[in-house]
Each structure stands twice: as structure tokens, then as C-alpha cells.
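# Need coordinates for the following:
(2 chains)
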Amino acid sequence: RKEVEQDPGPFNVPEGATVAFNCTYSNSASQSFFWYRQDCRKEPKLLMSVYSSGNEDGRFTAQLNRASQYISLLIRDSKLSDSATYLCVVNMWDSGTYKYIFGTGTRLKVLA
Amino acid sequence: NAGVTQTPKFQVLKTGQSMTLQCAQDMNHNSMYWYRQDPGMGLRLIYYSASEGTTDKGEVPNGYNVSRLNKREFSLRLESAAPSQTSVYFCASNRDSPREKLFFGSGTQLSVL
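Predicted structure coming up:
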């Protein structure tokens, strides 16, 4: 079983739609959780950290469920510019450093 | 702020050739990482360095060597390149806090023919 699993998509949605991505992780010792955005052939960039209480940043809402080892990202009022791959990332302490484990990413295409 | 600088951006090698990917960060970060990204595979950790003078293997270290020359620089070397090493390589760094994000270089697209 992969340590971090995501639905690869693609999710094709019209502009203005609400879309949700899910991610599951296998290691219960995981400490921190993130969503990164990656545009084609570019480096990943942090979209938002995910906190236990849930957090929101404009049109983006992230949720964490530690009991179910599940992370979600909700995008409201999708824009064309939201088209990208969204990477779920889990951080854990291992062998003297924090290791970041990446999911394979979920592709989103927002259609005009 | 330069952040993480990675060179070269593109490279084509023949099987058996060697090369070194360079990475430098100017944020005084202790931890540095090398990842490779292949279609459908996500980013996979090759090697990491928790501090100057220390390096450790990640998930896919075979065929690679690394050097943490000083706190700023962390290089990745392919001694004898193979077609299976065709990939996009990313260097990253962070400040050793569990809530700290990774800062990435812009990537190196490597093709081995």
C-alpha cells in the first residue's frame, strides 16, 4: 500500500464549480500535512498547510481527519487558473530528519 | 531572495556518461533533499541531508551519490547514467520544523539516451 494515496483524476469541471480532492495516508505517526500545487513542468508550490481544526484560505478549504487518516481539499468557485496538479504531502520524523512523502497528485482541469 | 537555485535546467546524456546536478540555498536551512518525479509516480526521495556533513538514502538511491559540501550546497551525482534515470529532478530545503514547508528549486529535466 502506498504511504500517501490520491485519486489521479483528471477532474474536469466547469468554471464556477466546486470540486473536492481526497487523500489517505498510512502512517499514523505522520505529523504535518500539506497541499501543494504543481503546474506542468514546474516545481511544486505550497498551497496550504492542513491543520486538525480545518483551515480555509479564500476559495480553498482543507480538512484533516486523523482518526481516518484522511485529508481533503475543497475548491469553491473554480477558476481557469486553478487548472494544475494538486499534491497531498505528509510529513513525518524519521532517522533524524523530517521526511516529506508525496502523493502522486490529482489533476484538475477547469473548463471555460 | 534567490531561495533554492538548481542547475542545469535541462541536460541530455548518453548512457554511461556522468554528471552532477548542483543545488544551493541561501535560507540557512539545515535539511536538504533530492527528489525525482516520473509520470504517475509522484515525487520520490533519492537522498536527503539533515545537516552539513550528513547524508542518508531515501526511497530510490540506487545509481546516485550525493555530497553536502557545506550548509548551502547539496549536489547529486550520476556516475554512469542509465535510461531509467530519465526524469525531472528537484532539489528542496527546509528549516527542520514539522510545520515548515519545503522550498523547491525549479527542477532539472534530464534525458538519458
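
# Surely B:Ser93 is in contact with B:Lys101?
No - applying C-beta atoms under 8 Å as the test, B:Ser93 and B:Lys101 come out as separate, 10.3 Å apart. Backbone N, C-alpha and C define where each C-beta goes, glycine included.

# ok, these two, which is more surrounded?
Taking other C-beta atoms under 10 Å in any protein chain shown, B:Ser93 and B:Lys101 do not tie; B:Ser93 has more neighbours (28 against 21).

# who's the more buried one bridged to?
Judged by DSSP bridges, the bridge partners of B:Ser93 are B:Met32, B:Phe103.

# what's the spacing between it and B:Ala50?
11 Å (C-beta to C-beta, to the nearest Å).

# list the residues that contact both of the two?
B:Ser31 (C-beta atoms under 8 Å, 6 or more residues apart in numbering or on different chains).

# residues from chain B in reach of chain A?
B:31, B:33, B:35, B:40-45, B:48, B:50, B:54, B:56, B:58, B:88, B:90, B:92, B:94, B:96-102, B:104-107, B:109 (C-beta under 8 Å from any C-beta of the partner chain).

# Now do the end-to-end distance for stretch A:70-81.
From its first residue to its last, stretch A:70-81 covers 26 Å (C-alpha to C-alpha, to the nearest Å).

# got it, and stretch A:91-105?
So stretch A:91-105: terminal residues 16 Å apart, C-alpha to C-alpha.

# That stretch vs chain B: in contact?
Yes - judged by C-beta under 8 Å from any C-beta, stretch A:91-105 comes into contact with chain B through A:91, A:93, A:95-100, A:102-105.

# Run through the residues of chain A sitting next to chain B.
A:4, A:8, A:31-32, A:34, A:41-46, A:49, A:87, A:89, A:91, A:93, A:95-100, A:102-105.

# strands paired with the lengthiest strand in chain A, and their directions?
Longest strand in chain A, counting residues (DSSP state E): strand A:84-94. Sheet partners assigned to strand A:84-94 using DSSP bridges are listed as strand A:32-38 (antiparallel), strand A:97-102 (antiparallel), strand A:106-111 (antiparallel).

# worst average pLDDT in the ones you listed?
With a mean of 84, strand A:97-102 has the lowest mean pLDDT of these.

# Render the CA-only coordinates of that one in PDB, please.
Only the C-alpha atoms of strand A:97-102 are listed here, as PDB (Å, rounded to 0.1, in the frame of the first residue of the first chain):
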ATOM      1  CA  THR A  97      15.000  14.400   9.900                       C
ATOM      2  CA  TYR A  98      11.500  15.300   8.700                       C
ATOM      3  CA  LYS A  99      10.600  13.300   5.600                       C
ATOM      4  CA  TYR A 100       8.000  14.600   3.200                       C
ATOM      5  CA  ILE A 101       6.000  11.800   1.500                       C
ATOM      6  CA  PHE A 102       4.200  12.900  -1.700                       C
END
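
# can you tell me how far the residue most central in space within chain B sits from chain A?
In chain B, the centroid-proximal residue (C-alpha atoms, centre = their mean) is B:Trp34; its distance is 2.8 Å. Distance from B:Trp34 to chain A, counting by C-beta to the nearest C-beta, to the nearest Å: 12 Å.

# pLDDT averaged over the helix or strand hosting that residue - what is it?
Using DSSP states H and E, B:Trp34 falls within strand B:31-38. Average pLDDT, strand B:31-38: 94.

# Then stretch B:72-88?
Computed over stretch B:72-88, the average pLDDT equals 96.

# Now do the buried residues in it.
Residues of stretch B:72-88 classed as buried by neighbour count (16 or more other C-beta atoms under 10 Å in any protein chain shown): B:72-76, B:78, B:81, B:85-88.
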